[in-house]
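[1] No letters, just coordinates:
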């Protein structure tokens, strides 16, 4: 007899079914189902229905008990029948399909996303398929349901399928696993994101940075941070720029967390342009440290730091060396009492420049005859006891941190002869300066004394030959007799006035003179009466009485 296959599947309601359609067209056909050829299937586990020429057997409580051979016969036909063996494997697949239909999963459009907003708030969001107005959301953090709070806003836009959390002041308490459980009728799903470890730390750092930046932008703040540059004059300048200032905004410079030392640094702030400038004319090791500019008012404050230690300090010194080496003056020659001095003027000498001197092709070592040295603005070579062998080309080499720069001077011909002449002049000048008459020390600017006392004015003099000594009082020569006496013992000169009186008040001058020159020393003598206070002392502020 002819047969037709039994169809096995899952219907739209999620029920597992076996269906058979009679291939012969007859009116009101009957369908006889059996299981394992032992009679009708268990009515408590199955539901059989017939519609037209088709019969359908539904497994109402599908389980392993339903595994077996299902057969169907259609009586009053030409032997129409069919059978199907339902295996464990097939039943397992059917059960999965049934579950998926009866428990549909909501589909996600995009998974969890994390972004840090402008103010430092952290936004977690995901998008699922569009939901009905009856949809429900449960938000969980670390197995605890979380709700809206002043610092945490949970938004659920059903018509767009949008779920988001916006968290202010994101911190350690926000670490963990977030799960959004969504139910819409039969459909449901849950979506999780884990914020821990490096991922969390990265978000937290960005949140703190943006939050700090947002708060900073509300008040006065730096739009140009502290930075340094070296000018062509070798001045080191630190600059910055501030914006969003008001009348009460203050600006302060500091060095190593202390106010700038008076007179050492020129720190300026232009309120109109917002520009800050700090000038260091001679940058040295003493200026190594931490520089800070702070701007503040009632709305907030901001700080800009510049660390001029280690690498930054070395970079500045290299730049100063570069500019100074490039701009070093041509070598000049100057006669001295001992010989000649060859030198170059520089804007600022640094150790990096490492000056070396050469005579012709030989490097010059430091000896008693040849000495080299530096000052803040000069590099020099001194040659003592100048002789013919000292003629020739002298070369100064300067290092700028990268390249060598040379300066030369030819000490020969007229230059050598001029140096000899100037040396002799310097020798003569040195002899004159050494031997000329001088008032070395001893006289005060002011001497006050009471009447009837004895005044002794003593000073030290020098000179060779021994100087002549004379005294003048109020532009008249002092005659030494009666109360006025002059005593000269070697280099010590003493003027004595006995029983001094008001007439002795005045301006006294000592003049010492020999063939090499002269010098004048002055002192004012003030005489006051018994019980009086010297006029000169009245100008000084008296200390308050205790």
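    Yep, that arrived. Note that the structure is a prediction, hence the values are computed from the model and not measured.
[2] which residues of the stretch 101-250 of the chain fall in strands?
    108-116, 122-128, 136-141, 144-145, 152-157, 162-167, 176-184, 187-195, 221-230, 236-243, 250-255 (DSSP state E, counting those that start in this stretch).
[3] Now the first one: average pLDDT?
    Yep, that's strand 108-116 we're talking about. Mean pLDDT, computed over strand 108-116, is 94.
[4] How about the fourth one?
    Summarised as a single mean, pLDDT over strand 144-145 is 96.
[5] That strand pairs with which strands, parallel or anti?
    strand 136-141 (antiparallel) (DSSP bridges).
[6] re the thing from before, could I get the strands of the stretch 101-250 of the chain as a markdown table with mean neighbour count and distance to residue 270?
    Glycine gets a C-beta too; all of them are placed from N, C-alpha and C. Conversion of the strands of the stretch 101-250 of the chain to a markdown table gives the following (neighbours: other CB atoms under 10 Å; distance: least, CB to CB, whole Å):
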| stretch | mean neighbour count | distance to residue 270 |
| --- | --- | --- |
| strand 108-116 | 14 | 36 |
| strand 122-128 | 19 | 40 |
| strand 136-141 | 15 | 51 |
| strand 144-145 | 9 | 56 |
| strand 152-157 | 15 | 44 |
| strand 162-167 | 19 | 41 |
| strand 176-184 | 19 | 51 |
| strand 187-195 | 15 | 47 |
| strand 221-230 | 16 | 13 |
| strand 236-243 | 19 | 10 |
| strand 250-255 | 17 | 9 |
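[7] Which phi and psi values does residue 434 adopt?
    phi -70, psi -40 (degrees, to the nearest 10).
[8] Next up, the contacts around it.
    Counting by CB atoms under 8 Å, 6 or more residues apart in numbering, residue 434 touches residue 464.
[9] same check, this time on residue 511
    Residues near residue 511 by CB under 8 Å, 6+ apart: 469-472, 518-520.
[10] repeat that with 7 Å
    Residue 511 makes contacts with 470, 472, 518, 520, as judged by CB atoms under 7 Å, 6 or more residues apart in numbering.
[11] neighbouring strands for the helix or strand containing it, and are they parallel or not?
    Per DSSP states H and E, residue 511 falls inside strand 506-514. Sheet pairing for strand 506-514, assigned by DSSP bridges, gives strand 468-473 (antiparallel), strand 517-528 (antiparallel).
[12] Need these in a markdown table (columns: mean neighbour count, mean pLDDT and distance to residue 12).
    Compiled in a markdown table, these are given as follows (neighbours: other CB atoms under 10 Å; pLDDT from 0 to 100; distance: least, CB to CB, whole Å):
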| stretch | mean neighbour count | mean pLDDT | distance to residue 12 |
| --- | --- | --- | --- |
| strand 468-473 | 16 | 91 | 134 |
| strand 517-528 | 16 | 90 | 125 |
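[13] Of these, give the one that comes closest to residue 5.
    Nearest to residue 5 among those is strand 517-528 (139.1 Å), distances taken as CB to CB.
[14] Residues in contact with the helix or strand residue 406 falls within: which ones?
    Assigned by DSSP H and E, residue 406 belongs to strand 404-411. Contact partners of strand 404-411, identified using CB under 7 Å, 6+ apart, comprise 325-326, 328, 330-331, 333, 342, 344, 390-398, 419.
[15] Filter the residues you listed down to the ones in strands?
    If you go by DSSP state E, the contacts of strand 404-411 have 333, 342, 344, 392-398 in strands.
[16] For the closest residue to residue 81 other than its chain neighbours, which three-state class applies?
    Leaving aside its chain neighbours, residue 81 sits nearest to residue 73 (4.3 Å; criterion: CB to CB, 6 or more residues apart in numbering). Under DSSP: H, G, I helix; E, B strand; the rest coil, the three-state class of residue 73 is strand.
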